[in-house]
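*Asks:* sequence and computational prediction follow.
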Amino acid sequence: MMDQNISRQLLTFLDASPSCYHAAANAAAELLAAGYTRLYEGEPWHLAEGGRYFTLRGDSSLIAFRIPCRDFRGFMIAAGHSDSPTFKVRETAEVSSAGNCLRLSVEPYGGMVMRSWLDRPLSVAGRVMVREKGKVVSRLVNVDRDLLVIPGMAIHMDREVNKGTALKANVDLLPLFACGKEPGAFRRLIVEEAGVEEADLLTTDLFLYPRTRGTLTGVHEEFVASARLDDLQCVFGCLRGFLAAEDSSSVPVLAVFNNEEVGSGTRQGADSTFLTDVLRRVNGAMGRGEEDWMIAVANSFLVSADNAHAVHPAHPEYADPSEAPVLNGGIVLKYNASQRYTTDALSAAVFSQICHETGVPVQRYSNRADLPGGSTLGNISTAHLSIPSVDIGLPQLAMHSAYEVAGTKDTEYLVRAMTTYFGRSFRVGPEGIQI
Ligand code: ZN
């Protein structure tokens with residue numbers, strides 16, 4: 001069955017991507033295998049018609065594109081994010097704790113459901129900077145074994161534990177690393193994983209991740225349960241669609257941004273110049289001028305793909321009764337009157353039309369009118385590059401838990417819709433909109 005196959009490939013991608021750095025590296029590896037050339041922002045770009053390229057910023061954000069012809073019409077962009085809520089391990093990692101225990105000093109990254117991180121095997125992954133032949137280079141690290149656990153309180157000691165006891169990040173959420181005093185053991189472990197001499201490990205960007213692997217659940221395997229479905233399910237679906245799409249007269253652009261979970265305001269986040277820098281550079285490298293650029297921007301479109309809330313089986317009251325997406329019900333268009341989601345009549349019409357032609361069902365989501373929702377990539381990106389944008393996502397439960405649940409069919413729906421989308425061109429003219 002097609003969707004089960006895609007879901008198993010999704011699980012492989014999720015399990016191989018324990019950190020935002022691994023997610024970007026895995027996307028890059030798929031692009032290289034498909035014949036794409038890696039470009040470096042600090043080197044000259046020599047682009048050609050028919051060329052396929054990608055570039056990385058901060059080892060964790062990626063933009064890929066194909067150039068169909070010199071006089072391309074515009075950019076057909078889709079964006080997702082590589083990061084998920086987790087805990088960052090501090091450089092001074094070890095903390096002596098009561099009970100002759102050594103714990104790791106960590107700090108929350110993004111807004112996670114804290115209790116979901118308790119009492120389960122965890123490990124550490126990310127990137128490290130190492131000295132190699134007189135240069136500083138970045139290296140991926142994944143301690144690929146059950147290394148840590150954050151023990152919760154026994155019910156006998158905290159009788160309130162099932163009544164929503166608040167957890168303090170600096171007290172309750174430090175993972176147990178060792179028994180006894182063994183100063184420097186964590187650093188030695190990372191040195192070993194990085195394959196360098198101890199003196200050559202310079203600095204680290206390491207994060208916790210749950211060791212529980214992604215899996216298919218439900219009587220007919222209709223659910224996919226995994227860490228990091230938000231937003232790697234969308235990243236995977238957009239990447240597959242991007243690779244499978246046919247050429248059009250526009251430039252298909254796949255963007256994967258880091259730091260969405262902490263507001264996107266970083267050098268490689270959606271609230272940076274990364275996307276505009278890359279697209280302007282494509283325009284210039286193809287020998288096109290400012291007027292060509294302005295026309296291309298006017299004839300561009302953005303799909304901001306970030307997971308959405310499905311109606312919860314135990315708590316349907318949190319959903320708006322008229323706009324409550326269900327798992328396996330198709331791609332969700334996200335609406336917000338205050339425009340925290342960018343979807344409007346124009347962008348919804350364009351994207352719904354593409355889904356309709358592809359036989360992909362579309363659902364609608366609005367936050368319950370009295371509840372503020374989350375924000376995402378769309379309105380942040382369009383502040384830098386002002387083009388029509390639609391906010392979409394795949395319906396899921398338990399968003400920002402260490403382990404989330406989504407629908408298996410929905411991944412396939414996204415791959416199909418994005419395969420069609422990336423093969424299209426968008427044009428706004430006096431006679432209306434053409435896609
Ligand atoms: Zn997200």
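*Replies:* Structure received.
*Asks:* can you give me phi and psi for residue 395?
*Replies:* With angles defined as degrees, to the nearest 10, residue 395 sits at phi -70, psi 140.
*Asks:* give me every residue that touches it.
*Replies:* Contact analysis of residue 395 by Cβ atoms under 8 Å, 6 or more residues apart in numbering lists 307-310, 325-327, 329, 332, 363, 365, 406-407, 410. C-beta: built from backbone N, CA, C; applies to glycine.
*Asks:* so what's residue 37 bridging to?
*Replies:* residue 53 (DSSP bridges).
*Asks:* need the strands for the stretch 101-250 of the chain, in chain order.
*Replies:* 101-109, 122-132, 135-142, 176-179, 201-210, 215-217, 223-226 (DSSP state E, counting those that start in this stretch).
*Asks:* wait, which of these is closest to the ion?
*Replies:* Closest to the ion of the strands of the stretch 101-250 of the chain, according to Cβ to the ion: strand 101-109, at 13.2 Å.
*Asks:* next one: the closest one to chain centre, how far?
*Replies:* Put simply, strand 101-109 sits 24 Å off its chain's centre (Cα atoms, centre = their mean, to the nearest Å).
*Asks:* quick one, it and strand 201-210 angle?
*Replies:* 80 degrees (axes from the mean of the first three to the mean of the last three Cα atoms, to 10 degrees).
*Asks:* who in the chain is up against the ion?
*Replies:* 230-231, 306 (Cβ under 5 Å from the ion).
*Asks:* who are the neighbours in contact with whichever residue of the stretch 1-150 of the chain sits closest to the ion?
*Replies:* Of all residues in the stretch 1-150 of the chain, residue 81 sits closest to the ion, at 5.7 Å by Cβ to the ion. Contacts for residue 81 (Cβ under 8 Å, 6+ apart) come out as 231, 235, 256-261, 270, 306, 377.
*Asks:* related to what we said a few turns ago, buried subset of the contacts of residue 395 as a ChimeraX selection?
*Replies:* Burial among the contacts of residue 395 is assessed by 16 or more other Cβ atoms under 10 Å; the matching ChimeraX selection reads:
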select :307,308,309,310,325,327,329,332,363,365,406,407,410
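*Asks:* just give me the closest of the contacts of residue 395 to the ion.
*Replies:* Each of the contacts of residue 395 was scored against the ion by Cβ to the ion, and residue 307 proved nearest at 5.5 Å.
*Asks:* list the ones among the contacts of residue 395 that fall in helices.
*Replies:* Counting by DSSP state H, the part of those found in helices is residue 410.
*Asks:* quick check: of the contacts of residue 395, which lies closest to residue 85?
*Replies:* Nearest to residue 85 among the contacts of residue 395 is residue 307, at 12.5 Å by Cβ to Cβ.
*Asks:* pLDDT score for the closest one?
*Replies:* Looking at residue 307, its pLDDT reads 96.
*Asks:* residues in contact with it?
*Replies:* Residue 307 neighbours (Cβ under 8 Å, 6+ apart): 229-231, 233-234, 393-396, 399, 406.
*Asks:* can you lay out the contacts of residue 395 as JSON lines showing distance to residue 182?
*Replies:* Formatted as JSON lines, the contacts of residue 395 follow (distance: Cβ to Cβ, whole Å):
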{"residue": "307", "distance to residue 182": "40"}
{"residue": "308", "distance to residue 182": "45"}
{"residue": "309", "distance to residue 182": "44"}
{"residue": "310", "distance to residue 182": "45"}
{"residue": "325", "distance to residue 182": "49"}
{"residue": "326", "distance to residue 182": "50"}
{"residue": "327", "distance to residue 182": "45"}
{"residue": "329", "distance to residue 182": "51"}
{"residue": "332", "distance to residue 182": "48"}
{"residue": "363", "distance to residue 182": "52"}
{"residue": "365", "distance to residue 182": "49"}
{"residue": "406", "distance to residue 182": "40"}
{"residue": "407", "distance to residue 182": "45"}
{"residue": "410", "distance to residue 182": "46"}
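*Asks:* would you confirm that residue 426 contacts residue 302?
*Replies:* No - using Cβ atoms under 8 Å, residue 426 is not in contact with residue 302; the gap is 9.9 Å.
*Asks:* I appreciate the help and will end here.
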